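Trainee: Whatever this is, show me its structure:
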Amino acid sequence: MKLLLAAVGTRMPTWADAAFAEFARRMPRELPLELKEIKAEPRSGGKPVEALQSAEAGRIRAALPARSRLVVLDERGADLTTQQLAARLRQWMETGDDVAFAIGGPDGLATDLKSTADETMRLSSLTLPHALARVLLAEALYRAASLLKNHPYHRE
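Mentor: As a prediction, the model looks like this:
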(Lines give C-alpha, C1' and ligand atoms only; values in the text may rest on other atoms or scores of the structure.)
Protein backbone atom coordinates (compact mmCIF):
# COMPACT_ATOMS: atom_id res chain seq x y z
CA MET A 1 0.00 0.00 0.00
CA LYS A 2 1.20 3.48 -0.83
CA LEU A 3 0.22 6.85 0.59
CA LEU A 4 0.09 9.84 -1.72
CA LEU A 5 -0.42 13.48 -0.91
CA ALA A 6 -1.70 15.49 -3.88
CA ALA A 7 -1.34 19.09 -2.76
CA VAL A 8 -2.14 22.17 -4.80
CA GLY A 9 0.78 24.57 -4.82
CA THR A 10 4.41 24.52 -5.84
CA ARG A 11 7.52 26.28 -4.58
CA MET A 12 6.86 25.80 -0.88
CA PRO A 13 9.29 27.22 1.68
CA THR A 14 12.49 25.22 2.13
CA TRP A 15 11.61 24.39 5.75
CA ALA A 16 8.31 22.82 4.66
CA ASP A 17 9.92 20.72 1.93
CA ALA A 18 12.60 19.55 4.36
CA ALA A 19 10.10 18.70 7.12
CA PHE A 20 7.81 16.79 4.76
CA ALA A 21 10.78 14.89 3.32
CA GLU A 22 11.97 13.97 6.82
CA PHE A 23 8.63 12.47 7.86
CA ALA A 24 8.25 10.72 4.49
CA ARG A 25 11.73 9.22 4.97
CA ARG A 26 10.76 7.90 8.40
CA MET A 27 7.63 6.11 7.18
CA PRO A 28 7.79 2.31 7.32
CA ARG A 29 8.82 0.55 4.14
CA GLU A 30 5.32 -0.91 3.71
CA LEU A 31 3.74 2.58 3.90
CA PRO A 32 5.74 4.87 1.61
CA LEU A 33 4.51 8.47 1.51
CA GLU A 34 4.88 10.44 -1.70
CA LEU A 35 4.10 14.08 -2.45
CA LYS A 36 2.74 15.20 -5.80
CA GLU A 37 2.59 18.95 -6.13
CA ILE A 38 -0.31 20.15 -8.23
CA LYS A 39 0.00 23.37 -10.20
CA ALA A 40 -2.38 26.01 -8.87
CA GLU A 41 -4.64 27.72 -11.36
CA PRO A 42 -3.54 31.36 -11.83
CA ARG A 43 -5.66 33.69 -9.70
CA SER A 44 -5.37 36.60 -12.14
CA GLY A 45 -7.81 37.01 -15.00
CA GLY A 46 -11.03 37.25 -13.04
CA LYS A 47 -12.10 33.60 -13.32
CA PRO A 48 -14.79 32.57 -10.85
CA VAL A 49 -13.62 30.57 -7.83
CA GLU A 50 -15.55 27.51 -9.04
CA ALA A 51 -13.61 27.53 -12.34
CA LEU A 52 -10.29 27.76 -10.49
CA GLN A 53 -11.25 24.90 -8.19
CA SER A 54 -12.51 22.80 -11.09
CA ALA A 55 -9.22 23.17 -13.00
CA GLU A 56 -7.25 22.19 -9.90
CA ALA A 57 -9.59 19.25 -9.22
CA GLY A 58 -8.88 17.95 -12.73
CA ARG A 59 -5.15 18.08 -12.05
CA ILE A 60 -5.62 16.34 -8.70
CA ARG A 61 -7.66 13.54 -10.30
CA ALA A 62 -4.98 13.09 -12.98
CA ALA A 63 -2.33 12.67 -10.25
CA LEU A 64 -4.24 9.98 -8.33
CA PRO A 65 -3.26 6.34 -8.71
CA ALA A 66 -5.87 3.98 -10.12
CA ARG A 67 -7.90 2.20 -7.44
CA SER A 68 -6.90 4.62 -4.74
CA ARG A 69 -9.00 5.64 -1.79
CA LEU A 70 -9.45 9.44 -1.83
CA VAL A 71 -9.31 11.31 1.46
CA VAL A 72 -9.82 15.03 1.12
CA LEU A 73 -8.66 17.47 3.75
CA ASP A 74 -11.36 19.99 4.54
CA GLU A 75 -12.28 22.13 7.51
CA ARG A 76 -15.61 20.27 7.79
CA GLY A 77 -14.03 16.82 7.78
CA ALA A 78 -13.75 14.26 10.55
CA ASP A 79 -11.60 15.37 13.46
CA LEU A 80 -9.52 12.28 14.25
CA THR A 81 -7.33 11.55 17.25
CA THR A 82 -3.97 9.87 16.67
CA GLN A 83 -5.46 6.57 17.82
CA GLN A 84 -8.37 6.93 15.40
CA LEU A 85 -6.02 7.78 12.54
CA ALA A 86 -3.93 4.71 13.40
CA ALA A 87 -7.07 2.54 13.35
CA ARG A 88 -8.06 4.03 9.99
CA LEU A 89 -4.54 3.40 8.68
CA ARG A 90 -4.82 -0.24 9.78
CA GLN A 91 -8.18 -0.56 7.95
CA TRP A 92 -6.70 0.94 4.79
CA MET A 93 -3.75 -1.45 4.98
CA GLU A 94 -6.14 -4.39 5.17
CA THR A 95 -7.86 -3.36 1.92
CA GLY A 96 -4.52 -3.01 0.14
CA ASP A 97 -5.64 -0.05 -1.97
CA ASP A 98 -3.44 3.00 -2.17
CA VAL A 99 -4.65 6.02 -0.20
CA ALA A 100 -4.48 9.48 -1.73
CA PHE A 101 -4.91 12.62 0.36
CA ALA A 102 -5.88 15.88 -1.36
CA ILE A 103 -5.12 19.38 -0.11
CA GLY A 104 -6.69 22.18 -2.12
CA GLY A 105 -5.36 25.54 -3.16
CA PRO A 106 -6.09 28.99 -1.71
CA ASP A 107 -9.81 28.59 -2.40
CA GLY A 108 -10.06 25.00 -1.18
CA LEU A 109 -11.25 21.96 -3.09
CA ALA A 110 -14.00 21.78 -5.70
CA THR A 111 -17.35 20.62 -4.37
CA ASP A 112 -17.55 17.75 -6.87
CA LEU A 113 -14.13 16.44 -5.81
CA LYS A 114 -15.18 16.55 -2.15
CA SER A 115 -18.46 14.80 -2.92
CA THR A 116 -16.71 11.91 -4.67
CA ALA A 117 -14.15 11.41 -1.90
CA ASP A 118 -14.22 8.23 0.15
CA GLU A 119 -13.53 10.22 3.31
CA THR A 120 -13.12 13.78 4.49
CA MET A 121 -10.86 14.69 7.36
CA ARG A 122 -9.45 17.80 8.93
CA LEU A 123 -6.15 18.50 10.59
CA SER A 124 -7.21 21.33 12.87
CA SER A 125 -9.89 23.86 13.65
CA LEU A 126 -7.27 26.50 12.95
CA THR A 127 -6.65 27.91 9.51
CA LEU A 128 -3.30 26.49 8.42
CA PRO A 129 -0.91 27.65 5.72
CA HIS A 130 -0.78 25.06 2.94
CA ALA A 131 2.91 24.37 3.52
CA LEU A 132 2.26 23.61 7.18
CA ALA A 133 -0.74 21.40 6.38
CA ARG A 134 1.53 19.14 4.31
CA VAL A 135 3.97 18.80 7.18
CA LEU A 136 1.21 18.25 9.74
CA LEU A 137 -0.35 15.47 7.67
CA ALA A 138 3.02 13.77 7.12
CA GLU A 139 3.78 13.92 10.85
CA ALA A 140 0.31 12.63 11.77
CA LEU A 141 0.68 9.68 9.38
CA TYR A 142 4.14 8.92 10.75
CA ARG A 143 2.85 9.07 14.32
CA ALA A 144 -0.11 6.80 13.46
CA ALA A 145 2.19 4.30 11.72
CA SER A 146 4.50 4.40 14.74
CA LEU A 147 1.57 3.67 17.02
CA LEU A 148 0.68 0.59 14.94
CA LYS A 149 4.22 -0.67 15.45
CA ASN A 150 4.14 0.02 19.21
CA HIS A 151 6.95 2.52 18.78
CA PRO A 152 7.47 4.85 21.77
CA TYR A 153 7.13 7.93 19.52
CA HIS A 154 3.49 8.14 20.60
CA ARG A 155 2.64 8.75 24.23
CA GLU A 156 -0.85 9.04 25.63
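Trainee: Give me the neighbour count for Pro32.
Mentor: For Pro32, the count of nearby residues is 14 (other Cβ atoms under 10 Å). (C-beta placed from N, C-alpha, C; glycine too.)
Trainee: right, and it touches Leu4 too?
Mentor: No: with contact defined as Cβ atoms under 8 Å, Pro32 and Leu4 do not form a contacting pair (9.1 Å).
Trainee: and Ala86, what does it touch?
Mentor: Taking Cβ atoms under 8 Å, 6 or more residues apart in numbering, we find Ala86 in contact with 144-145, 147-148.
Trainee: ok, now with 7 Å
Mentor: Ala86 makes contact with 144, 147-148, according to Cβ atoms under 7 Å, 6 or more residues apart in numbering.
Trainee: Now for it, which secondary structure element holds it?
Mentor: Using DSSP states H and E, Ala86 maps to helix 82-95.
Trainee: Kindly report the same for Ala78.
Mentor: strand 68-79.
Trainee: For the helix ranked longest in the chain, buried residues please.
Mentor: In the chain, assigned by DSSP state H, the helix with the most residues is helix 130-148. Going by neighbour count (16 or more other Cβ atoms under 10 Å), the buried part of helix 130-148 is 130-147.
Trainee: Touching that helix from outside, list them.
Mentor: Contacts for helix 130-148 (Cβ under 7 Å, 6+ apart): 3, 5, 7, 9, 12-13, 16, 19-20, 23-24, 26-28, 31, 33, 35, 73, 82-83, 85-86, 89-90, 101, 103, 123, 128, 153-154.
Trainee: are any of the residues you listed buried, and which?
Mentor: By 16+ other Cβ under 10 Å, the contacts of helix 130-148 give 3, 5, 7, 9, 12, 16, 19-20, 23-24, 27, 31, 33, 35, 73, 85-86, 89, 101, 103, 123, 128, 154 as buried.
Trainee: Now tabulate the contacts of Ala86 in a markdown table and tack on distance to Glu41 and pLDDT.
Mentor: Listed next are these as a markdown table, based on distance: Cβ to Cβ, whole Å; pLDDT from 0 to 100:
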| residue | distance to Glu41 | pLDDT |
| --- | --- | --- |
| Ala144 | 32 | 95 |
| Leu147 | 37 | 92 |
| Leu148 | 37 | 93 |
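Trainee: Good, we can wrap up now.
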